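Sequence and predicted structure below; questions after.
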Amino acid sequence: MTTGPDTSGTGASAIPTATLPGGAIPLLGIGTWQSEGDDCYRAVRHALDVGYRHVDTATGYGNETQVGRALADSSVDRDDVFVTTKLPPDAAGKERETLEASLRDLGTDHVDLWLIHWPPSGEASPWVWERFVELRDEGKVRSIGVSNYSVEQVDILSEQVGETPAVDQIPWSPADYDAKVASELAKRGVLLEGYSPFKRTDLDAPVLADVASAHGVTPTQVVLRWHLDHGFVVIPKSVTPARIEENFRVTGFSLTEDERTAVDGLAG
């Protein structure tokens, strides 16, 4: 896993990427958890119009059909959008039918990343991971990974199946920052993808206000830029057009090393 260069500007090409086995993943995407019905459709359509090229959904969200409609109605070519979905833990044993249903709902012949959403019954479940490898090898998925797995559970999959997850999507924010977890995943070639960046952050923290003021941006933009500058993926969710746009305007600045370290310190 390698991280691509960032450039100034506001277009999709300015969002840094990381290289997964199946292709490049933009480090900034739009999350769709709790986005429902037409709100989800409009949010994804607007995000694609703004320049996002990474959409994160899941079978468990119940909105893959709306995401698929947005992809189909957008002027953006499907191959230019990185699409992630996830297998619910209670669908363990029904991997193929669950993925095929996701593909139908999304209106695509493949997804770019498929994750085990939670460890089934709290266990690493290498037998589920074996099915993921098989379906990836059939071409239905470009890259495979996990979500909400510990480093130890990632190791179980690697050791018992001989394939390391490309991604581990976990709750992550400056308040959650754990250099050891980040280092251990990176050592294994696993890309850290964070969710709930704002919910888990004190956006009124003085350090965020100071850094935001220095760059003429908002505290939320500082939080997103912190992820990108560390090489983490981040998928903020919103159905509000102005917020979707604000979250995307994080390419015109970068944090200095001192600023990044100061934000790291919010983990306490």
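That came in fine, so what should we check first?

Low-confidence ranges, the stretch 101-250 of the chain, go.
Residue ranges of the stretch 101-250 of the chain with pLDDT under 70: none are present.

where along it do the helices fall?
126-137, 151-161, 179-187, 206-215, 219-230, 241-248 (DSSP state H, counting those that start in this stretch).

Go through those and pick out the most buried.
helix 219-230 (a mean of 23; mean count of other C-beta atoms under 10 Å). Yep, even glycine has a C-beta here, placed from its N, CA and C like the rest.

Quick one: residues contacting Y61.
Y61 is in contact with 32-35, counting by C-beta atoms under 8 Å, 6 or more residues apart in numbering.

can we see that at 7 Å?
For Y61, the contact set (C-beta atoms under 7 Å, 6 or more residues apart in numbering) comprises 32-33.

For it, give me phi and psi.
phi -80, psi -20 (degrees, to the nearest 10).

buried ones in stretch 251-264?
By 16 or more other C-beta atoms under 10 Å, the buried positions in stretch 251-264 come out as 251, 253-255, 259-260, 262-263.

where do the strands sit along this protein?
17-20, 23-26, 30-31, 54-56, 82-87, 111-116, 141-147, 167-171, 191-195, 233-234 (DSSP state E).

by contact count, what packs against the last one?
So the one you mean is strand 233-234. strand 191-195 (3 or more C-beta pairs under 7 Å, 6 or more residues apart in numbering; DSSP states H and E).

quick check: angle from the strand it packs on to strand 82-87?
With axes from the mean of the first three to the mean of the last three C-alpha atoms, to 10 degrees applied, the angle from strand 191-195 to strand 82-87 works out at 80 degrees.

centre of the chain versus strand 191-195, how much separation?
Mean-position distance between strand 191-195 and its chain equals 6 Å (C-alpha atoms, centre = their mean, to the nearest Å).

which residues are in contact with that strand?
1, 18, 20, 31, 166-173, 182, 185, 227, 232-235.

Give me the buried subset of those.
1, 18, 20, 31, 166-170, 172-173, 185, 227, 232-235.

Can you give me the buried ones in stretch 58-65?
Quick answer for stretch 58-65 (16+ other C-beta under 10 Å): 58-61, 63-65.

Let me know how buried R200 is, in neighbour terms.
15 (other C-beta atoms under 10 Å).

Does it touch A175 like I think?
Yes: in this structure, R200 is within contact of A175 by C-beta atoms under 7 Å, at 5.3 Å.

Pull the contacting residues for the spatially closest residue to V167 that is not a sequence neighbour.
Excluding the flanking residues, the one nearest V167 by C-beta to C-beta, 6 or more residues apart in numbering is G145, at 3.3 Å. By C-beta under 7 Å, 6+ apart, the residues touching G145 are 113, 115, 165-169.

For G145, give its distance to R131.
Distance, G145 to R131, by C-beta to C-beta, to the nearest Å: 14 Å.

Throw the helices of the stretch 101-250 of the chain into a markdown table and include distance to E100, thanks.
Supplementary listing: the helices of the stretch 101-250 of the chain in a markdown table, determined by distance: least, C-beta to C-beta, whole Å:
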| stretch | distance to E100 |
| --- | --- |
| helix 126-137 | 9 |
| helix 151-161 | 22 |
| helix 179-187 | 30 |
| helix 206-215 | 44 |
| helix 219-230 | 33 |
| helix 241-248 | 30 |
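
quick revisit: quickly list what the residue nearest to V167 is bridged to.
L115 (DSSP bridges).

which residue packs closest to T201, ignoring adjacent ones?
Using C-beta to C-beta, 6+ apart, the closest residue to T201 is S173 (4.5 Å).

quick one on the thing from earlier: most widely separated two among the buried residues of stretch 251-264?
Taking C-beta to C-beta, the two most distant members of the buried residues of stretch 251-264 are T251 and A262; they sit 21.1 Å apart.

Surely I244 touches A43?
Yes: taking contacts as C-beta under 7 Å, I244 lies within contact range of A43: 6.5 Å.

Now list whatever residues contact both of these two.
30, 238.

Next up, the contacts around D56.
Here D56 is in contact with 29-32, 84, 235 (C-beta under 7 Å, 6+ apart).
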